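*Asks:* Generate coordinates for the sequence data below:
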Amino acid sequence: MRSVRTVLCVFILATAPCGGCSGSGNGGNAADDTRGTRWTTLDASDSAASQDRSSDPDGTDDLLAEAGPVSPDAGDWSAGDAPVPDAQATPDGPPDEQVEPIDTTVPDAQGCEPFVATFTAAWGLVYQDMDQSSDSFYDQSMSALKDLVASGVPVHLLAAGGKEASTLTDACGRFAFAVLSGKSYVVDVDLPEGAICTSANCPHRFPDAVRYGKVNFVTIGDSLATHGGSPKFPDLLPGLMEGLVNVESINAAVPGSRAEDWVPGKQLFETKLDPLLDDADVVVITLGGNDIMAYIGPALSQPGSLLAKLETLDDFQEEIKADVSSIIAEIWKRAPGVDIVFCLIFNYAKSSYWKSYFGSYSGLIQSLAVNAMENARKTLSAIDGLVVADMAGALGEADLSPMLADSVHLSSLGHEFYARQIFLSLGGVHTGPEPLGLERLIGFFPAQE
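*Replies:* Residues are numbered from 1 along each chain as shown. Prediction:
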């Protein structure tokens, strides 16, 4: 049986000429859920148990607590609420290469506040997204009025050498692990059966591949993966996980290709992708930019005409969505167990190049681009089992220009940014001078009877 995790980085909103490009024209179920050694299990709702883990090493006495409403005084939580300790600090708890769960339980009188560690920790919050408003790792928050905390959810931290620590979310839905500086880890959350991961950051095959000790990446798509600075993001993935797992990364992207060129039955899908599916764990796809370019390209020299094109972009995106959906469905059909991570691109309208190009129209075009990006994000997150690597959300209001080598393609810094966000979306954590993923939210909509 094929086991593939597909990272789908789709170029939804490229409003720039594709320099160097040619041409104009459920997958969430893992095939094997074998776990590594769970050498520590903590019932986070029992502070006494946290003092003596040896009394229940297998976690047989742990009971999954029923999820309950968040404390009224907790307020809305979003990523970045809690201060992150210095990633260079040496943890007080775990010796050598060990990782350990941290008891996050607090007295009821203190309410459910974001967890704060005095040493390096990977922590997070698991919640029931009852209004399904979460769309990606960065576009989510837990509302105290609408959502529910998820207590008793198993969470695992995968470390180098096949080590694995496990815990349960506490009464406030929190989990935390002490980690070491300069290391890479993977957070793996076991959501309840039938739950839909609305925050679009719940992979399945990738954590298991890490447990097995080998991850195979395949990148397909357009010139976003082949042009610009060096090294390219597919080539950076192995180094990002060095010491954690052995990684092989194949870059099979084709410059100038569109989404329609990769649909099932077309030459690229059948000759470039299909032969790689048997051995792949992660497939990275960069598509959509050339489709958009062909649509709006003729209007670029006339801002008034471009505005008209952008106003109808949502309708055109539906056509791209149909092609992308067929690619996703066929990959899942041919490779059961696949995880698809769709990388939502930057908002190019915010780059200094395009601000200058559009002049007085820049503000309006940026606004239209933001709306198109939000629609794309909601469309992607609605696909059950899809993981979204939200490049636009990750960059936020920061200057886009350093990420670009030209009007469209990624600089060396941009390729590094992509690689890190792909790893993050798969549950990746990295400690050191530039920490990644030390805090995260995981939202899900529970199964309905």
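*Asks:* residues of stretch 176-190 that come out buried?
*Replies:* Within stretch 176-190, the residues scored as buried using 16 or more other CB atoms under 10 Å are 176-181, 183-190. From N, CA and C alone the C-beta is placed, and that goes for glycine too.
*Asks:* Name the spans of the stretch 101-250 of the chain whose pLDDT lies under the cut-off.
*Replies:* Residue ranges of the stretch 101-250 of the chain with pLDDT under 70: 103-111, 113-115, 117-118.
*Asks:* Recalculate using a threshold of 80.
*Replies:* Scanning the stretch 101-250 of the chain with the threshold set as pLDDT under 80 gives 101-119, 135-136, 138-139, 141, 143-144.
*Asks:* which residues in it form strands?
*Replies:* Secondary structure of the stretch 101-250 of the chain, counting by DSSP state E, counting those that start in this stretch: strands at 121-128, 148-149, 154-158, 164-168, 174-178, 184-189, 196-197, 214-221, 246-251.
*Asks:* nearest to Gly432, of the ones you listed?
*Replies:* strand 184-189 (9.1 Å; CB to CB).
*Asks:* Packing partners of the closest one?
*Replies:* Applying 3 or more CB pairs under 8 Å, 6 or more residues apart in numbering; DSSP states H and E, one finds that strand 184-189 contacts strand 121-128, strand 154-158, helix 205-212, strand 428-430.
*Asks:* Take the ones you listed and lay them out in JSON lines including distance to Glu311 and mean neighbour count.
*Replies:* Formatted as JSON lines, the helices and strands packed on strand 184-189 follow (distance: least, CB to CB, whole Å; neighbours: other CB atoms under 10 Å):
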{"stretch": "strand 121-128", "distance to Glu311": "36", "mean neighbour count": "26"}
{"stretch": "strand 154-158", "distance to Glu311": "44", "mean neighbour count": "24"}
{"stretch": "helix 205-212", "distance to Glu311": "39", "mean neighbour count": "24"}
{"stretch": "strand 428-430", "distance to Glu311": "38", "mean neighbour count": "24"}
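*Asks:* I'd like these as CSV, with distance to Asn251 appended.
*Replies:* Listed next are the helices and strands packed on strand 184-189 as CSV, based on distance: least, CB to CB, whole Å:
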stretch, distance to Asn251
strand 121-128, 30
strand 154-158, 25
helix 205-212, 18
strand 428-430, 19
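*Asks:* do you know which of those lies nearest Asp339?
*Replies:* In terms of CB to CB, the element of the helices and strands packed on strand 184-189 nearest to Asp339 is helix 205-212, at 5.0 Å.
*Asks:* Can you verify my assumption that Ala280 contacts Val218?
*Replies:* Yes. Assessed by CB atoms under 8 Å, Ala280 is found in contact with Val218 at 4.5 Å.
*Asks:* still on that earlier bit, looking at the helices and strands packed on strand 184-189, which is closest to Leu404?
*Replies:* Leu404 lies closest to strand 428-430 among these, at 23.9 Å (CB to CB).
*Asks:* Of all the helices and strands packed on strand 184-189, which one is nearest Arg440?
*Replies:* The closest of those to Arg440 is strand 121-128. By CB to CB, the value is 4.2 Å.
*Asks:* which helices and strands does the closest one pack with?
*Replies:* strand 148-149, strand 154-158, strand 174-178, strand 184-189, strand 439-445.
*Asks:* Repeat the analysis, applying 7 Å as the threshold.
*Replies:* Judged by 3 or more CB pairs under 7 Å, 6 or more residues apart in numbering; DSSP states H and E, the packing partners of strand 121-128 are strand 148-149, strand 174-178, strand 184-189, strand 439-445.
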